[in-house]
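1. dropping a prediction and its sequence here:
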Amino acid sequence: MITKITRAMETTSELLESHPLDRFLRGDRMPHIWCSGCGSGNVMAAYIKAIQELDYPIDDHVVVAGIGCAGRIPGYLNLDTFHTTHGRSIPFATGMKLANQDLHVTVISGDGDLFAIGGSHFLHAARRNINITVICVNNYIYGMTGGQLAPTTPMEDITTTSPFGNYEPPFNLPYLAMASGAIYVARWTTIHLRRLTESIKCAINKKGFAFIEVVSPCPTSYDKMNKKGDALDVARFFQSHSVIRNKSNPIEADVQEGKELVLGEFIDREDRPTYMDHLLTVQERLVEKN
């Protein structure tokens, strides 16, 4: 009996030391550098769960990120990743996708990196319908570099560079993505992990530019300065103030104080040819002329 109990304890210990998603992580990079309550780990978990369920060869996936808290996600992933210069994650991803059409290229980065210094790259990649997935972890602030005002900071909120309140209207990211030409547009929060996972799977399988915004807490900078409480308080806020409206017009998804946070899959279309489709068509015409 003692022997059986000992073996059972050893088996349990082995199970506790392993995890079904371990093969997707670089254990030697742990522990991570994120603050307690940061949502970046949730997004990383949803991404690796999505690629596990898609069951494509791991070598077919590439993840690119720029500078910022969310930009550290690729460093913990046990697959091909690139940590690029600030704001340039989408150009790097574009180059990789055009060089190898078989790759599933995903950009995971923050709101500042993608929509401030990298804003023009986002617009043109969506306009061209580059066949990549872009996941924006939006915590409303520059969390890593001191808590400065970001292009997504809600009106009247406090940051280190807007100590008397922000007076610049923030971007409505789903509306911006749709207007720029994205064929798939969704928004979730870091507590809607099952929906986020399914959304990532859908985005990776889309033929064209797919965009997902993930609203995330930043307890150290944004939430602290704006008296939002700790990460658990923010999770409760997401739960009580979010409403899912699939297929609704993203123009209604702007972020305002006292207004519901609109989530869902807003755009899911198939009617736009990709950049590569256009390129191949032009090449065929040139061959026919010659």
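-> Perfect, thanks for sending it.
2. which helix or which strand is home to the nearest residue to residue 101 once chain neighbours are set aside?
-> For residue 101, ignoring the flanking residues on the chain, the nearest one in space by Cβ to Cβ, 6 or more residues apart in numbering is residue 276 at 6.4 Å. Using the backbone N, CA and C atoms, a C-beta is placed for each residue, glycine as well. Residue 276 is part of helix 275-289, with elements assigned from DSSP states H and E.
3. can you give me the buried ones in that helix?
-> Residues 275-276 are the ones in helix 275-289 that count as buried (16 or more other Cβ atoms under 10 Å).
4. swap in stretch 249-266?
-> Using 16+ other Cβ under 10 Å as the test for burial, stretch 249-266 gives 250, 253-255, 261-266.
5. send the alpha carbons of that stretch over as CSV?
-> C-alpha atoms of stretch 249-266 as CSV (Å, rounded to 0.1, in the frame of the first residue of the first chain):
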residue,chain,number,x,y,z
ASN,A,249,-20.8,48.7,-36.6
PRO,A,250,-17.3,49.4,-35.0
ILE,A,251,-18.1,53.1,-35.1
GLU,A,252,-20.2,52.3,-32.0
ALA,A,253,-17.2,50.8,-30.2
ASP,A,254,-15.5,54.0,-29.1
VAL,A,255,-14.2,54.1,-25.5
GLN,A,256,-15.9,56.7,-23.3
GLU,A,257,-16.2,57.1,-19.5
GLY,A,258,-19.6,55.9,-18.4
LYS,A,259,-20.2,54.0,-21.6
GLU,A,260,-20.4,50.2,-22.0
LEU,A,261,-17.2,48.6,-23.5
VAL,A,262,-18.4,47.1,-26.7
LEU,A,263,-16.8,43.7,-27.6
GLY,A,264,-17.3,41.2,-30.3
GLU,A,265,-16.4,40.1,-33.8
PHE,A,266,-17.3,43.2,-35.8
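6. how about the contacts made by residue 114?
-> The neighbourhood of residue 114, defined by Cβ atoms under 8 Å, 6 or more residues apart in numbering, consists of 66, 87, 89-90, 107, 122, 134, 136.
7. distance of it relative to residue 262?
-> 20 Å (Cβ to Cβ, to the nearest Å).
8. beta partners of the spatially most central residue of the chain?
-> Of all residues in the chain, the one closest to the mean position by Cα atoms, centre = their mean is residue 135, 2.4 Å from it. Counting by DSSP bridges, residue 135 forms beta bridges with residue 108, residue 212.
9. isn't it right next to residue 212, touching?
-> Yes - with contact defined as Cβ atoms under 8 Å, residue 135 reaches residue 212; the gap is 4.9 Å.
10. between the two, what contacts are shared?
-> Taking Cβ under 8 Å, 6+ apart as the contact rule, residue 135 and residue 212 both touch 200, 203.
11. on the three-state scheme, residue 170 is what?
-> The three-state assignment at residue 170 reads coil, by DSSP: H, G, I helix; E, B strand; the rest coil.
12. residue contacts, it?
-> Residue 170 makes contact with 140, 151-155, 254-255, according to Cβ under 8 Å, 6+ apart.
13. swap in 6 Å and give it another go.
-> Residue 170 sits next to 152-154 when contact means Cβ atoms under 6 Å, 6 or more residues apart in numbering.
14. ok, and the closest non-adjacent residue to it?
-> What sits nearest to residue 170 in space, not counting adjacent residues and going by Cβ to Cβ, 6+ apart, is residue 152, at 4.8 Å.
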